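Trainee: sequence? don't have it. structure:
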Ligand SMILES: Cc1ncc(C[n+]2csc(CCOP(=O)(O)OP(=O)(O)O)c2C)c(N)n1
Ligand SMILES: Cc1ncc(C[n+]2csc(CCOP(=O)(O)OP(=O)(O)O)c2C)c(N)n1
Ligand SMILES: [Mg+2]
Ligand SMILES: [Mg+2]
């Protein structure tokens, strides 16, 4: 069905806000990539370039007291949960004002107050953790939902299996998604799994699953909303496969020569931002002038973020020794 | 279809041999249980009582240069691969003549020369190991097959997932089975998985699966033979779910009060030895006189085994220090 | 499930059960998860009756998935609950190693998320368990910053340390020794008490030689002390109780007094906790040492099954006596 | 892929690549498996070109499953092959911990099955990797009987130890330091050679103080030695090279000569390898010690990301210099 028609189910304001976050994510990550190229950022830079619709779509479908366990290409979700562009850049620059105060880098950030479970490099490790957060909500009888994901490669890990199984056995209020961008670093799907669609993994747990166009923010939003509603209603977990394509290298150092150019060409046409603009145009929610205006706005916000981050202090050496253990005060709230 | 009719596909001699091993397994394990009750055996005693048809059936379908990675209720497979009742009892008594020379106990035994990968307590750990053995055969172009299994509980472990996935991605010559005896220690299936049949787990790997009556040795044998043939032909792995029931406690110390008596009554009627006798009678391969004769024979063999084990020396303390590392000689063969 | 009465002797096992029961009653955030802890009451019956008393959402039987349910405990802890995980045997903790060392141990340091949870690990040999039901895994976690480790040797410490662990804002691994479950008994105070994490205890004070130990070996050391007393060798037995954070002060004070030290543990020798304490002494108390720092520990092998092998493998009273005589003569 | 030529200098990274290439050519039982080692040539390009040369059944790109492919390597090894596993980063070895410590390490002891395999673990900090791309996991495996551990510091040792590891009948974890990959170079012999497992090497002989170390820290110790030489303090630098089995003889001989010792490693201090060696000295060489055994190591925290934090975290030349001065004055 035509995605603009589908998108009619979504409030105008929500769609416009998603468009804004798509642009903000793109602009922010492009800027981070530029800083990396200039050698200003060290270490890994994993972007969601061309996949922004997934994080923006699902994070927009959540309530503010829900919790997310994002994976490493979910920048839009961090932003929607309230982490500012300035904090993100500070994180990449190792500044004390970043969410981890320089203790960790790039997408390895989290913040319980904003309902974000910090990403752990070890892929799929946060899926069992997400089921535990959902278990806590179920035990306390809270109508809260956890939204957690991993990549196509991450679904090969044992922790994916143990989390999917536990979530379905206990009918936990969690939605588990897979960002299927067809590669795990250089590894194509055929070396990762024998199934045609990642969603088939859900069959092993009698968990309902859905294949979604990951480059259509409206489709991501609506499928997420359905799954979240199911979870909130106590009907248990759902698995969502968001089909997309990794448009950059695994990390910015990687030219990704192993990806056929045609594949990239084909997917370039499905760019989530172009898709969103088409929908907004068709629904009469926005025109080129509006899109440009949003572009200006996010450009300014990112520029301010860079400034904030650059003004921010680096941590001092001795801070290394702080924070290994939590204190009573931190938990007595 | 009537299992006797099905059993016609099996050579008379093979069926009779399977019957012999069913009886030998039952008699041997009953004797081990008795020794445990007398306090002569210490530690865990996990039997295959009422489930003997599974190990006897699949092990009978293998060629001698195939390899097995048995789980902890596969006594029949150990016997068919050539471990003697005497060696088994020696293992339980911690004697030096047991397959592990007293280093390990009970079913934690293995012997590469007899194509048996030693069981590891940590459930499902041997499934990735089994895929690696199959990988070796594939790399060397040998037409050998690996037969490996775990219990219904074991299928919840991450290693089950990682092994199933790798086996199917690389189309390895391995058959993976689940001994579904409806309980994992005290944990019923409903707390273990949300699916109705364990075989549904195979869908996550596009791996063909089959549900088999685990108490019918002929059915186990024939389904195993098909799966083994597939693997040997290079068509890849198969998953077999053997439905059965754990008739004793998890270990002999466990009265298993948590198991409904009716369930046990119902399954008592499906005893694999009674099933086999019925088949043999219907096919005219054996009668009560014959069954008694076999009974006498295995009783004698087990008695001799006990004698052998009791005559065998215990290891000496300093042997503790031997065998941490392998020597050149051991591998230069 | 047993309730505290000031007069009755309780076993080490009952003490653990009491601590769980009292904490669950005191704090509804506390819940249990693990294999067979519900209907069955746990492989060692420590949670017998808990399911009936607290219901299936506070006493969760999990699928056979150590990594999965430890991860789940981490998530629940971050959301404000106080999960207590039961490993059926400490040996299987290896399956959850990644969740414990990479997620639970590092979350607070990395991004400030407290992970208040406890993992109960029934460990140790002397129970004919063989290589996979007798392990002492504490050495691995001793080298994983972000975790606290405790290992009680008496019913009093077992109860007090478990309560302290449950109330601690950090991930704590609670090593309960299977050999002690039904072998040590004591009358416990009726009122609520904890044994603070981070404090060792001198279980026997002496003047000649310090034995630093923990878990089941504490009792071995005390037996050896009685033997040696007859020969005029006066052992001081320091029970670490908490392995991380180490109570350096108590250890150092003892060795400054005796100037001779023996490290005793059931875990493998190489890279064991005794090595760290010996290194600390050689580094920070060198001046007060009047002799080599001896170590008594299991050899560097898995735990063997057969009785004569396991007896050879485990440290014995005679080992401590011999070492102490050697040191006394030094 | 680079081939050995007697005249050209090769990096530590190339030395590893050469060892793999030569062993695969020499022995067709040798094969590689891991993530992205095929088409991509590995995250660090160590196996670049191998896929084309040896084909996809000797250079296997695996699913993202550390436990699965380490287990597979164990199975293949037991069937007579010689698998070499690449961990993309040593940090992810935690996901395969159970297979390594419970299966690979114990199989031969338990039931006599040799497991001749190698796990390559790119480890260590100084590369702005943060908590999950800079870990030093060797301490965990140092306490797991049944494993051999090596950690080369030079291209020569890197090549010779990897060949020895591949030819060893046991599971060997090969810790290759990421910081050294392109920073150290050397001309290597054109002919086949190995560096025997179990032998430390005195990388600088001196008379005053022994520094026992391994991996990247060897170079730090040598730098410090140059600084101290100017002050008349003569350091002896012992490069362990093999962590298990430890070469006690070389360590003891050195300390018997210098009678003063410093343990230096990048891994966390508590429960690190330095603790074991200090304990061995305090136990078996006590008489020859003329001063406390000092330890220089990372503090007990994860590896922080931000540059000023990581610089503070990692041991520095000045730390060694300061410690040596202190010991010299003792
Ligand atoms: C357990 C584990 N092993 C290896 C890695 C190294 N690694 C980081 S990302 C990645 C590929 C991930 O692929 P996928 O899950 O598909 O996510 P994508 O990057 O494609 O979005 C790998 C192998 C890791 N982070 N964790
Ligand atoms: C990883 C792991 N966790 C826990 C255990 C303890 N344990 C031994 S057998 C068992 C139940 C196994 O159930 P299942 O896999 O169904 O096999 P069954 O005994 O029913 O044949 C458990 C929990 C173990 N052996 N391994
Ligand atoms: Mg991917
Ligand atoms: Mg079962």
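Mentor: Right, received. Where do you want to start? None of the values given here were measured: they were computed from a predicted structure. Ligands and ions are numbered 1, 2, ... in the order given.
Trainee: just how off-centre is stretch C:161-170 within its chain?
Mentor: 13 Å (C-alpha atoms, centre = their mean, to the nearest Å).
Trainee: any bit of that stretch sitting next to chain D?
Mentor: No: contact between stretch C:161-170 and chain D is absent, the nearest approach being 13.5 Å (criterion: C-beta under 8 Å from any C-beta of the partner chain). C-beta: built from backbone N, CA, C; applies to glycine.
Trainee: average pLDDT for that stretch?
Mentor: Throughout stretch C:161-170, pLDDT has a mean value of 98.
Trainee: Show the end-to-end separation of stretch A:40-53, please.
Mentor: As for stretch A:40-53, its first-to-last residue distance stands at 28 Å under the measure C-alpha to C-alpha, to the nearest Å.
Trainee: Buried residues of that stretch, list them for me.
Mentor: Buried residues in stretch A:40-53, counted by 16 or more other C-beta atoms under 10 Å in any protein chain shown: A:41-53.
Trainee: so what's the residue of the stretch 151-300 of chain A found nearest ligand 1 bridging to?
Mentor: Distances between the stretch 151-300 of chain A and ligand 1 by C-beta to the nearest ligand atom are smallest at residue A:151, namely 2.3 Å. Here residue A:151 sits in beta bridges with residue A:179, going by DSSP bridges.
Trainee: separation between it and residue A:162?
Mentor: Computed as C-beta to C-beta, to the nearest Å, the residue A:151 to residue A:162 distance reads 17 Å.
Trainee: now swap in residue C:277 and tell me
Mentor: Where residue A:162 is concerned, residue C:277 sits at a distance of 37 Å (C-beta to C-beta).
Trainee: which residues touch the closest residue to residue A:169 other than its chain neighbours?
Mentor: In space, and not counting its chain neighbours, residue A:169 is closest to residue B:194: 5.3 Å by C-beta to C-beta, 6 or more residues apart in numbering or on different chains. In this structure, residue B:194 makes contact with A:165, A:168, A:169, A:205, A:206, A:207, judged by C-beta atoms under 8 Å, 6 or more residues apart in numbering or on different chains.
Trainee: from memory residue C:289 sits against residue C:260, does it?
Mentor: Yes: here residue C:289 reaches residue C:260: they are 7.4 Å apart, a contact under C-beta atoms under 8 Å.
Trainee: okay, these two: which has more neighbours?
Mentor: For residue C:289 versus residue C:260, neighbours defined as other C-beta atoms under 10 Å in any protein chain shown are more numerous around residue C:260 (23 against 20).
Trainee: what's near enough to touch that one?
Mentor: Applying C-beta under 8 Å, 6+ apart, we find residue C:260 in contact with C:208, C:209, C:210, C:289, C:290, C:291, C:327, C:328, C:330.
Trainee: what do you get if the cut-off is 7 Å, keeping everything else the same?
Mentor: With contacts defined as C-beta atoms under 7 Å, 6 or more residues apart in numbering or on different chains, the neighbours of residue C:260 are C:208, C:209, C:210, C:290, C:291, C:327.
Trainee: now do residue C:96
Mentor: Under the criterion of C-beta under 7 Å, 6+ apart, the contact partners of residue C:96 comprise C:66, C:67, C:70.
Trainee: just residue A:46 next, same as before
Mentor: If you count contacts by C-beta under 7 Å, 6+ apart, then residue A:46 has A:72, A:73, A:106, A:107, A:251 around it.
Trainee: These: which ones sit near ligand 2?
Mentor: Checking the contacts of residue A:46 against ligand 2 by C-beta under 6 Å from any ligand atom, not one of them is in range.
Trainee: Same list, those, but as JSON lines with neighbour count please.
Mentor: Written out in JSON lines, the entries for the contacts of residue A:46 read as follows (neighbours: other C-beta atoms under 10 Å in any protein chain shown):
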{"residue": "A:72", "neighbour count": "23"}
{"residue": "A:73", "neighbour count": "25"}
{"residue": "A:106", "neighbour count": "26"}
{"residue": "A:107", "neighbour count": "24"}
{"residue": "A:251", "neighbour count": "17"}
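Trainee: Closest one to ligand 3 out of those, please.
Mentor: When the contacts of residue A:46 are compared for distance to ligand 3 (C-beta to the ion), residue A:73 comes out closest, at 8.3 Å.
Trainee: Any stretches of chain C with poor pLDDT?
Mentor: Along chain C, the model assigns pLDDT under 70 to residues C:1-6.
Trainee: centroid residue for it?
Mentor: Here the mean C-alpha position of chain C is nearest to the C-alpha of residue C:151 (C-alpha atoms, centre = their mean), at a distance of 1.5 Å.
Trainee: repeat for chain A
Mentor: For chain A, the residue whose C-alpha lies nearest the mean C-alpha position (C-alpha atoms, centre = their mean) is residue A:74; its distance is 2.0 Å.
Trainee: right, and that residue touches residue A:55 too?
Mentor: Yes: under the contact definition of C-beta atoms under 7 Å, residue A:74 touches residue A:55, with a separation of 3.8 Å.
Trainee: ok, back up a step: so what's the residue nearest to the centre of chain A up against?
Mentor: Taking C-beta under 7 Å, 6+ apart as the definition of contact, the neighbours of residue A:74 are A:48, A:55.
Trainee: now swap in residue C:26 and tell me
Mentor: Contacts were defined as C-beta under 7 Å, 6+ apart; by that measure residue C:26 touches no other residue.
Trainee: roughly how far apart are it and residue C:197?
Mentor: 18 Å.
Trainee: Skipping its backbone neighbours, what lies nearest residue A:108 in space?
Mentor: If you skip the residues right next to it in sequence, residue A:108 has residue A:119 as its closest partner in space, 5.3 Å away by C-beta to C-beta, 6+ apart.
Trainee: Give me the nearest residue to residue C:130, chain neighbours excluded.
Mentor: Residue nearest to residue C:130 in three dimensions, not counting chain neighbours: residue C:305, with 3.5 Å by C-beta to C-beta, 6+ apart.
Trainee: Now do that neighbour: how many residues are near it, please.
Mentor: A count of neighbours around residue C:305, defined by other C-beta under 10 Å, yields 30.
Trainee: what do you get for the one 3 residues further on?
Mentor: Applying the criterion other C-beta under 10 Å, we find 19 residues in the vicinity of residue C:308.
Trainee: residues contacting it?
Mentor: Residue C:308 is in contact with B:314, B:315, B:316, B:317, counting by C-beta under 7 Å, 6+ apart.
Trainee: of those residues, buried ones?
Mentor: Neighbour counting by 16+ other C-beta under 10 Å classes B:314, B:315 among the contacts of residue C:308 as buried.
Trainee: quick one: which of the contacts of residue B:194 is most hemmed in?
Mentor: Ranked by the number of neighbours (other C-beta under 10 Å), these place residue A:165 first, at 31 neighbours.
Trainee: The stretch 51-200 of chain A against ligand 2: which residues are in contact?
Mentor: Proximity of the stretch 51-200 of chain A to ligand 2 (C-beta under 6 Å from any ligand atom) involves no residue at all.
Trainee: Tell me which stretches of the stretch 51-200 of chain A form helices.
Mentor: If DSSP state H, counting those that start in this stretch is used as the criterion, the helices of the stretch 51-200 of chain A fall at A:52-60, A:75-80, A:85-92, A:126-140, A:158-169, A:189-192.
Trainee: can you tell if the second one touches chain C?
Mentor: Right, the one you point to is helix A:75-80. No: counting by C-beta under 7 Å from any C-beta of the partner chain, no contacts exist between helix A:75-80 and chain C, the nearest distance being 12.0 Å.
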